[in-house]
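Asks: I would like to see how this sequence folds:
(chains A and B)
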Amino acid sequence: MLTILDNFTKRVHGFFQGHVYRNYLLFGAAVMMIPLMHNFGIIGSGTLGIWAYIVIITVVALGLNILLGFSGLISLGTAGFVGAGALGTGVFLNMGLPFELAALLTILIAAAIGALIGFFSLRVEGIYLAIATLFVGEILRQIYTQIEIFGGQMINIGAIRFLGFFTLNANPPSERRFLFVIIVAVMVLMMIAMHHLVHSKTGRALLAMSRSQAAAQAMGVSILSYRLIAFVTATVFATVGGVLYAVYIQNAPTTAWTLDLSLFVIAMVVVGGFKSIYGTFLGAFIIHGIPNLILAELFGDVSYIFSGVLIIVVILFYPYGAIQVFYDVRKWFHKGRLKLTTKRSDRSA
Amino acid sequence: MTEFVRLFFNSLQTGSIFALAALGIVLIFRTSRTTNFAQGLIGTFNAYVAAYFLLRFGWNVWLVALIAIFTAFLTGVIIDTLIIRPAAKVNPISKQIVTLGIIMILVGLIPFFFGVQPLLFPSFIPSRFGIDILGATLRYNTVFIIVLSVALMGAMFWFIQYTRWGLATRVTASNETTSKLMGVPTKSVTMVSWATAAILGTLAALFVAPSVSVQPNMMLNVQLSAFFAGTLGGFSTFIGPVVGAYIIAFARNFTSFYISDIWGNVLVYSSILVFLYFKPYGLFGKKPTKKV
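Replies: Purely as a prediction, here's the structure:
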């Protein structure tokens, strides 16, 4: 019995230790099953919307994880860039540009602003840098709400034409399922991109920088270029999140991109797990999914209290993120197996 | 000239409110090593307490303000003992998110206790009392807010500078571990700091309440400005954020009147960013020495 169990766990282990892409693809496929559940009537369409938001915000939080987890930098301006992604796509689409070009232009503009913040971060640090990014976020927010091009309250985007030949609209449920699959596919792509980034020379340099800037510099890591890389990557991820928002929701409000959203994205990284790709998704699920899917139905208005308590409790018990729960479980599992095997050897002796 | 005088007193009033909030934020930043994002909402919650007693029992404004200050003290103590102290060992970024958790708890508690309707709150001295200066009406309430805030902050600076407890606060702010080893009761210092910060935030909330009414995001603008004031003045001194608060209030009021409402704000924020580039630790801040 035990040998079968042993074999089985080894198999499972081996499978997950296999090619890196397989895990992400499997994970993406699992998330893509959610619209099917909607098909069979297990979950409502509102629930699908919540899952879509989790997927979108995971992309944003992944970018912030590069800043917070890997580089030890902080940004309170994330919401401004998500807004840039959604509103920028809307503006360019309404100007008649094809979707791909609109998204690309938006991302390039946002990346340029990100690079500016990167330059800025060379002089300013700690809480001053955090609040400086908050300034940027506030400036962006003022621009969104006041300039006419952004349509005052919101931009209506409407159906989106992909690659110039197929059009998807958010309204009929059948097409919305396709949109969901598309945003999950983008999320998986971003996860793989992040995997490569953090396992490359760049990732190691960022880690070195976050531990000790002086030591990293002494080892020949250029602080300027890696801070630029960190900020530009984070901005690009946030903007891609915004573009996905435009794709799935198909209208972009101008007033939603406040400090609160930035704080929630930071909370996802902190609660889910610093430096962990799956942890970021878990964080997004804990911060956005659990309150909206479970607590809101149970407690209504008062559910905020429970979400707040949940955040605090997770941080107190898992200061490096809830993803550590799985490591703990694995440890218990191994310990249990060890105990069983030693018992067996005792008996045979 | 009339407009100028009006704007001048207006900016002094908003500057005082920003300064109160900023002082609370910097007090917590220095003693607990965290950016307290909940500062605004702690004030809002206690402003709700005041408005509730006022509307429900018809009590005097001054009496309900005293009650709110008392509950603010309690809120500060409770938050410190139940949440911040157990989180002493978590890293600074996680600690900030703990304050986000506090925000969410308070946002959930407000409809539970006080309902979802915004509550009205009158000014301390009714707005019909005032004097004319160069054609502009100066309300006694404005004078009251400015004088009380300045007096309060003056008293706090005196307290921090010249009393034993103030010394304990300063040493805790400079190095908590060493002060603990020297026998400073750092736990009580942090607790009193949270209580004081909560009271300062509540006062700021009560002062803005007449113009925006008591509702969950009444302190949004004040809190943002308080953060900006802290950055502009420098978080390493207590006087810096206060000066920064007045500068921001004046700059925002005057640019929004003489240039335009939106672009005034954008202009002020951008110029502060440029200023930060050249003086990264604010007006009064010093570059912290770093050990390699």
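Asks: how close does residue B:41 get to residue B:267?
Replies: Per C-beta to C-beta, to the nearest Å, residue B:41 is found 29 Å from residue B:267. Bear in mind the C-beta positions are built from the backbone N, C-alpha and C, glycine included.
Asks: who has more neighbours, these two?
Replies: When residue B:41 and residue B:267 are compared for neighbours, residue B:41 comes out ahead with 27 against 17, by other C-beta atoms under 10 Å in any protein chain shown.
Asks: which pLDDT value belongs to the more buried one?
Replies: For residue B:41, the pLDDT comes out at 93.
Asks: check the one 4 residues further on too.
Replies: The confidence metric pLDDT takes the value 94 at residue B:45.
Asks: element containing it?
Replies: Using DSSP states H and E, residue B:45 maps to helix B:39-57.
Asks: right, and the helix or strand after that helix?
Replies: Next along from helix B:39-57, by DSSP H and E: helix B:61-79.
Asks: relative to helix B:39-57, how tilted is that next one?
Replies: 130 degrees (axes from the mean of the first three to the mean of the last three C-alpha atoms, to 10 degrees).
Asks: tell me which residues of helix B:61-79 come out buried.
Replies: Going by neighbour count (16 or more other C-beta atoms under 10 Å in any protein chain shown), the buried part of helix B:61-79 is B:61, B:64-65, B:67-69, B:71-73, B:75-76, B:79.
Asks: for residue A:112, state which of those residues is nearest.
Replies: residue B:79 (41.1 Å; C-beta to C-beta).
Asks: close to chain A: what parts of the stretch 51-200 of chain B are there?
Replies: Within reach of chain A by C-beta under 8 Å from any C-beta of the partner chain, the stretch 51-200 of chain B has these residues: B:83, B:86-87, B:89-91, B:93-94, B:96-98, B:100-109, B:111-112, B:116.
Asks: please redo it, this time with the cut-off set to 10 Å
Replies: With C-beta under 10 Å from any C-beta of the partner chain as the criterion, the stretch 51-200 of chain B meets chain A at residues B:82-83, B:86-87, B:89-112, B:116.
Asks: now, of these, which are buried?
Replies: Here, 16+ other C-beta under 10 Å leaves B:83, B:87, B:90, B:93-110 buried among those.
Asks: out of those, name the ones that lie in helices.
Replies: Judged by DSSP state H, those include B:93-110 as members of helices.
Asks: any idea of the pLDDT on residue A:1?
Replies: So, for residue A:1, pLDDT stands at 56.
Asks: and the strands in chain B, which stretches?
Replies: B:130-133, B:136-139 (DSSP state E).
Asks: ok, and what's touching the first one?
Replies: Pointing back at strand B:130-133 there. B:2, B:5-6, B:8-9, B:136-143 (C-beta atoms under 10 Å, 6 or more residues apart in numbering or on different chains).
Asks: and the helix holding residue B:45, what does it pack onto?
Replies: Contacts defined by 3 or more C-beta pairs under 10 Å, 6 or more residues apart in numbering or on different chains; DSSP states H and E place helix B:39-57 against helix B:2-32, helix B:61-79, helix B:92-114, helix B:186-212, helix B:220-233.
Asks: SS state for residue A:330?
Replies: State at residue A:330, reduced to three classes by DSSP: H, G, I helix; E, B strand; the rest coil: helix.
Asks: gap between it and residue A:198?
Replies: For residue A:330, the distance to residue A:198 (C-beta to C-beta) stands at 21 Å.
Asks: residue A:61 contacts residue A:284, correct?
Replies: Yes: Residue A:61 lies in contact with residue A:284 (C-beta atoms under 10 Å); the separation is 5.7 Å.
Asks: give me the more crowded residue out of these two.
Replies: For residue A:61 versus residue A:284, neighbours defined as other C-beta under 10 Å are more numerous around residue A:61 (30 against 27).
Asks: now for the more buried one: which residues touch it?
Replies: Neighbouring residues of residue A:61 by C-beta under 10 Å, 6+ apart: A:54, A:68, A:78, A:237-238, A:241, A:264-270, A:272, A:279-281, A:283-284, A:287-288.
Asks: give me the common contacts of residue A:61 and residue A:284.
Replies: Residues touching both residue A:61 and residue A:284 by C-beta under 10 Å, 6+ apart: A:54, A:264-265, A:267-269, A:272.
Asks: give me the subset of those residues touching chain B.
Replies: Near chain B, by the rule C-beta under 10 Å from any C-beta, you find A:264, A:267-269 out of those.
Asks: keep only those of these that are in helices.
Replies: A:264, A:267-269.
Asks: same list (these) but as CSV, adding neighbour count and pLDDT.
Replies: What follows is those, written out as CSV (neighbours: other C-beta atoms under 10 Å in any protein chain shown; pLDDT from 0 to 100):
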residue, neighbour count, pLDDT
A:264, 23, 90
A:267, 27, 90
A:268, 30, 91
A:269, 30, 91
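Asks: so how do I select the buried members of the contacts of strand B:130-133 in PyMOL?
Replies: PyMOL command restricting the contacts of strand B:130-133 to the buried ones, with burial defined by 16+ other C-beta under 10 Å:
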select buried, chain B and resi 5+6+8+9+136+138+139+140+141+142+143
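Asks: dump the C-alpha coordinates for the helix or strand of chain B with the lowest mean pLDDT into CSV.
Replies: Scoring the helices and strands of chain B by mean pLDDT, DSSP states H and E places strand B:130-133 at the bottom, with a mean of 76. Extracted in CSV, the C-alpha atoms of strand B:130-133 (Å, rounded to 0.1, in the frame of the first residue of the first chain):
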residue,chain,number,x,y,z
GLY,B,130,-18.2,86.7,11.4
ILE,B,131,-16.5,90.0,10.7
ASP,B,132,-15.7,91.9,7.5
ILE,B,133,-12.1,92.3,6.5
